[in-house]
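> Generate coordinates for the sequence data below:
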Amino acid sequence: MTRLLAAAAIALSVGPAFASSDDIIKLRSTSDVATTMDRLEEAVSGAGANVFARVDHAAGAASVDMELDPTQVLIFGNPKIGTQAMQDDPVAGLFLPMKMLVYQDAAGQTWLSYEDPKEMFDDLEISDDAPYIKMMIGALDKLTSKAAGQ
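Have a look, this model is predicted:
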């Protein structure tokens, strides 16, 4: 039994696992936060979406003499997709544009995290079957894979 648990722990720590905790999707990156974020920003721009902001939380913490492991957020979107959600329910504008967090955990591993669009709009008048949700999910999957170096 001990060997089985050890093997499971190793298997989980080696691969670039997708993990979901409720509505947050996480993907492990092969690079550090800055490199991963650069790749993400390039992938977003290359896909024809708009990058609105790149927020460096660790720099913000340092500006008030506090420490934070490398942590950045990219705020981005594609009006051709997001507008459709807002047409169905204007409150979708609270969740758009999209945001992706890239951070280093306590073990030094870099992660990309974002909210699952189906769950993000769950309390709104938006169907889980809306074509634009499928487009968002597909785009986020491609963007995270590129940014994670996979």
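> How about the secondary structure of Val102?
Counting by DSSP: H, G, I helix; E, B strand; the rest coil, the backbone at Val102 sits in strand.
> typo on my end, it should be Glu119
Glu119 ends up helix, using three-state DSSP.
> just the strands in the chain please.
18-21, 24-28, 50-56, 71-77, 98-104, 110-115 (DSSP state E).
> mean pLDDT for these: which is lowest?
Sorting these by mean pLDDT places strand 18-21 lowest, at a mean of 50.
> residue ranges with poor pLDDT in this structure?
Applying pLDDT under 70 to the chain flags residues 1-21.
> What's the biggest helix in it, counting residues?
helix 131-148 (DSSP state H).
> Could you list every helix and strand in contact with that helix?
strand 24-28, helix 33-46, helix 79-88, strand 98-104, strand 110-115, helix 117-120 (3 or more C-beta pairs under 8 Å, 6 or more residues apart in numbering; DSSP states H and E). C-betas here are computed from N, CA, C, even on glycine.
> most packed of the ones you listed?
With neighbours taken as mean count of other C-beta atoms under 10 Å, these reach their highest mean count in strand 98-104, at a mean of 22.
> what's the spacing between that strand and its chain's center?
5 Å (C-alpha atoms, centre = their mean, to the nearest Å).
> Other residues contacting it?
29, 32-33, 36-37, 40, 69-77, 82, 110-115, 136, 140, 143-144, 147 (C-beta atoms under 8 Å, 6 or more residues apart in numbering).
> got a list of what Val64 touches?
Contacts of Val64 by C-beta under 8 Å, 6+ apart: none found.
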